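1. all I have is the shape, not the residue letters:
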C-alpha cells in the first residue's frame, strides 16, 4: 500500500462517474469513493465485486419461512388447537390458507431485518462509530475520490484536475 | 427491416391447419343425443358417469340439489328444481349432453381468449411505457406493436363468437337461456346487466376503444420516425392518448372480465376478478414480448437490444408472476375462509373436478418462475428466460382454462382434439399476424426522442 493518498473533491455525480472511469483507465488504484447518495453505476465503474447480500437475503427468507411454519404449527395445531370459523383445527395442511399470510410476513420480516443487520456488519457500521469520511461535506453535496498515489504526483493531479475535480489534496495514509 | 421468412410462414400455416383439423374433429365428436352422450362417458371413463348429487354431498353440500345455486356450476342446466328432483335420471342425461356439446365451443373460446389476451396485455403494457415516458423499452416498441397487431383479428373472432353465443349456437352462458333465468331468482336480479343486447353492446364498446387506441398509437409511432429532428409532436400526442387509453382500459378490462368470464358462473362474484385477469394478461404479455425479442435477436435482428433490456423484461415476468399469485391467493383465501355456499362452490368444483390443473397451475405460474427467475444472473440468461417463459405461457393457458371450463363442461373435462386444436390454430394465427406486422416496419423506432436512452440502457 502506498504511503500517500490523494483526495479529489467533485460537486457533481456525473462528473465523478466519468472521473472514476478516467482514473481507472489510467491504471490508478481507487481506494474509496464517498458520496452523499448512491450513484448509479459507480460500483461497476470502480470494478467492485458484485454484492452477495442477495444470497444471504434468500437464506434468511428460508430461515424465516421455516421458523414461521414451525411456530404456527406449534401454536395453532399442537399446543392449543383453536376452532376458528369451523375449520378443522387438528390439521396443518387443511388450515394452510389461513397460515399463508403469517408465513409470508415472517419470511419478509426475517429477510429484511437480517439483511439490514448483515449489511451494517459487513460495512463495519455500529452505534457510536466514528465517521470515516475525510470531508464532512460528502454527506451533503460533495463527492470525494481517494486514490493511492503511485508514480509522479503531478501527473495524477493534472489528470484529476482535467476530470473536473474542484479540489485536490495529498495526505499521509493513516492505514499504511 | 425484418423479413417474414417462408419457413416461418409455412410453420404458421401448418399450425393453423393442424388446429383446424383438431377443432373440426372436436366439433364432429360432440354428441347430439342424450344416449350418445351417456355412451361417450361410459366408454371414456368405464362407468365413471357418476351421480352429481353424491359428489356434492361428499364435498359438504348435501343441500346443493334443491338449491338454486346448482345451476351455477353446471352450464346449460335446463331442468328446474322440481324436475331435477323427480326426474333425476333424464335431467342428468340432458345435463351431460349439454356439457359435452359445450366442450368444443369452450375449448375454442379458451384458446381464442388466451391469444387475444396476450395482444391486449401487450397493448396495456405498451401504453404504460408510453404514458410513463419510459426510456428503456424504446428498442422493443416495434416488437410490442407487432404483437398488438393481433388485436384486430382477435377482436373480430371474439366478437363473432359472442354473437353466435348470443344467438344460442352454444350454451356457455347460462344467463342467456330464458328458461334457466325463469327458474332462477338470483339471475333474475341481474337481468338488467346480463342481457344479450347490452352484453354485445358493451363488448363492441370495449373492442372498438382498444382497437382505436392501437391504430392511432401505431400510426403516431411510425409518423415519429419520419418526422424532422426535434419535432416530437407525434410523440407528445402519443403520450396523451396513451394516458387516456389507460383510464379507459382499466375500467373496460375489469368489465370485460366480468362479462366474458365471470358471468359464466352467474351466481358467483369476486370483486378482484378484473385484477386477477389483468395480472394473467400482463405476465403472459411480457413473457411473449421477451420470447419474441429473444427469437429476433437469435436471427440477428435487434442488435442494440442488450441483456439489460431482457433483464428488465424478466424482472417484469417475475414481478407479475408474484402479483398474479397474490391476487389468486387473495381471492381464494377469502372465499375459502368465509365458506359461503354460493361463493365457495366455485372453488369446490375446481378442487374436486380440476385438481391437477388447478394446483398444477400454481406450480407453473408461481413456484417455478419464483425460484428460477429470482437470481439476477438467471434473468440475463436467454435460455432460462425462454424455459421459464414457455412454462409461464402454458401455465396461464391453464389458468384461463380453469376460469372457463368448469362452468362450461363441469367434470367432463379432458384435453382432447378441440383443446389442442384450438391452441394450435390460434398459436399459428397469432404468430402469422405478429411476424407479418413486425416485418412491415423498421425494427428500431429511430425517431423516438428516448431512443438514445434505450440504446445506452445499462442495468
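-> It's in. Quantities reported herein were computed from a predicted structural model and do not represent experimental measurements. Numbers count the residues shown, from 1 in each chain, chains lettered A, B, ... in the order given.
2. tell me which helix or strand residue 164 sits in.
-> Reading this off chain A. Remark: residue A:164 resides in no helix or strand, with elements defined by DSSP states H and E.
3. other chain: chain B
-> helix B:151-166.
4. what's that helix packed up against?
-> Under the contact criterion of 3 or more Cβ pairs under 8 Å, 6 or more residues apart in numbering or on different chains; DSSP states H and E, helix B:151-166 touches helix B:88-131, helix B:196-226, helix B:417-438. Where you see a C-beta, it was placed from the backbone N, CA and C, and this is true even at glycine.
5. same list (the ones you listed) but as a markdown table, adding mean neighbour count.
-> Shown next, in a markdown table, are the helices and strands packed on helix B:151-166 (neighbours: other Cβ atoms under 10 Å in any protein chain shown):
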| stretch | mean neighbour count |
| --- | --- |
| helix B:88-131 | 23 |
| helix B:196-226 | 17 |
| helix B:417-438 | 22 |
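6. go through those helices and name the closest to chain A.
-> helix B:88-131 (20.0 Å; Cβ to the nearest Cβ).
7. residues making contact with the following helix or strand past the closest one?
-> Next in sequence after helix B:88-131, counting helices and strands by DSSP H and E, comes helix B:141-148. The contact list for helix B:141-148 (Cβ atoms under 8 Å, 6 or more residues apart in numbering or on different chains) reads B:118-119, B:122-123, B:125-126, B:129, B:137, B:214, B:217-218, B:221, B:285, B:288-289, B:292-293, B:296, B:302, B:434-435, B:437-438, B:441-445, B:448.
8. run the last query once more with 6 Å
-> The contact list for helix B:141-148, computed with Cβ atoms under 6 Å, 6 or more residues apart in numbering or on different chains, reads B:119, B:122-123, B:126, B:214, B:218, B:289, B:292-293, B:434, B:437-438, B:441, B:443, B:445.
9. try stretch A:98-112
-> A:57, A:60, A:61, A:63, A:64, A:65, A:68, A:72.
10. tell me how many other residues crowd the fifth one.
-> What it means is residue A:64. 22 (other Cβ atoms under 10 Å in any protein chain shown).
11. for chain A, which residue gets nearest to chain B?
-> residue A:97 (4.7 Å).
12. leaving out the residues flanking it, which one is nearest to that residue?
-> Counting by Cβ to Cβ, 6 or more residues apart in numbering or on different chains, residue A:97 lies nearest to residue B:333, which is 4.7 Å off, once chain neighbours are set aside.
13. buried sites along the helix or strand hosting the one you found?
-> Residue B:333 belongs to helix B:307-338 when assigned by DSSP H and E. Buried residues in helix B:307-338, counted by 16 or more other Cβ atoms under 10 Å in any protein chain shown: B:307, B:309-314, B:316-318, B:320-329, B:331-332, B:335-336.
14. which ones are touching the residue sitting nearest the centre point of chain B?
-> Centroid check for chain B by Cα atoms, centre = their mean gives residue B:114 as the closest residue, at 3.2 Å. Under the criterion of Cβ under 6 Å, 6+ apart, the neighbours of residue B:114 are B:397, B:400.
15. repeat for residue A:156
-> By Cβ under 6 Å, 6+ apart, residue A:156 has no neighbours at all.
16. before we move on, back to that, okay, now the residue of chain A closest to chain B: neighbour count?
-> 15.
17. right, and the helix or strand after the helix or strand harbouring it?
-> Take DSSP H and E as the rule and residue A:97 turns out to sit in helix A:96-122. Moving toward the C-terminus from helix A:96-122, the next helix or strand (DSSP H and E) is strand A:143-148.
18. which other residues reach that following strand?
-> A:2, A:5-10, A:16, A:28-35, A:135, A:138.
19. what's the neighbour count on the nearest residue to residue A:61 once chain neighbours are set aside?
-> In this structure, residue A:61 finds its nearest non-sequential neighbour in residue A:111, 4.0 Å apart by Cβ to Cβ, 6+ apart. Neighbourhood size, residue A:111 [other Cβ under 10 Å]: 20.
20. so how far is residue B:246 from residue A:111?
-> 33 Å (Cβ to Cβ, to the nearest Å).
21. now do residue A:171
-> For residue A:171, the distance to residue B:246 - Cβ to Cβ - is 55 Å.
22. and the residue in the stretch 301-450 of chain B that chain A sits nearest to, how close does it get to residue B:268?
-> Closest to chain A within the stretch 301-450 of chain B is residue B:333: 4.7 Å, counting by Cβ to the nearest Cβ. The gap separating residue B:333 from residue B:268 is 16 Å, by Cβ to Cβ.
23. what of residue B:395?
-> For residue B:395, the distance to residue B:268 - Cβ to Cβ - is 23 Å.
24. the two: which has the busier surroundings?
-> More neighbours surround residue B:395 than the other of residue B:395 and residue B:268, with 25 against 21 (other Cβ under 10 Å).
25. just the element for that one, please.
-> Assigned by DSSP H and E, residue B:395 falls in helix B:382-409.
26. flag every buried residue along that helix.
-> Quick answer for helix B:382-409 (16+ other Cβ under 10 Å): B:382, B:384-386, B:388-389, B:391-393, B:395-409.
27. so where is the stretch 201-350 of chain B shaky, pLDDT-wise?
-> Residues of the stretch 201-350 of chain B meeting the criterion pLDDT under 70: none.
28. swap in 90 and give it another go.
-> Flagging of the stretch 201-350 of chain B using pLDDT under 90 yields the residue ranges B:225-231, B:269, B:307, B:337-343.
29. what does it have sitting close to chain A?
-> Residues of the stretch 201-350 of chain B lying near chain A by Cβ under 6 Å from any Cβ of the partner chain: B:333, B:336, B:337.
30. around chain B, pick out the residues from chain A.
-> Checking chain A against chain B by Cβ under 6 Å from any Cβ, the hits are A:85, A:97.
31. in chain A, which residue is most central in space?
-> residue A:119 (5.6 Å).
32. coming back round to it: identify, from the contacts of stretch A:98-112, the entry nearest to residue A:90.
-> Residue A:90 lies nearest to residue A:72 out of the contacts of stretch A:98-112, by Cβ to Cβ, at 14.1 Å.
33. once you drop chain neighbours, what's closest to the closest one?
-> residue A:99 (5.0 Å).
34. could you chop chain A up by domain?
-> A:4-50+A:135-172, A:53-122 (automatic domain parsing).
35. okay, these in TSV with mean pLDDT next?
-> As requested, the domains of chain A are arranged in TSV below (pLDDT from 0 to 100):
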stretch	mean pLDDT
domain A:4-50+A:135-172	89
domain A:53-122	92
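36. same list (these) but as CSV, adding distance to residue B:458.
-> Output for the domains of chain A, formatted as CSV (distance: least, Cβ to Cβ, whole Å):
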stretch, distance to residue B:458
domain A:4-50+A:135-172, 7
domain A:53-122, 19
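37. between the ones you listed, which one is closest to residue B:27.
-> domain A:53-122 (39.4 Å).
38. distance between the ends of the closest one?
-> End-to-end distance of domain A:53-122: 9 Å, with Cα to Cα, to the nearest Å as the criterion.
39. off-centre distance for it?
-> Relative to the chain's own centre, domain A:53-122 is displaced by 26 Å; criterion: Cα atoms, centre = their mean, to the nearest Å.
40. next: stretch B:440-452.
-> Worked out by Cα atoms, centre = their mean, stretch B:440-452 lies 30 Å from the chain centre.
41. in it, which residues are buried?
-> Of all the residues in stretch B:440-452, those buried under the rule 16+ other Cβ under 10 Å are B:441, B:443, B:444, B:445, B:447, B:448, B:449, B:450, B:451.
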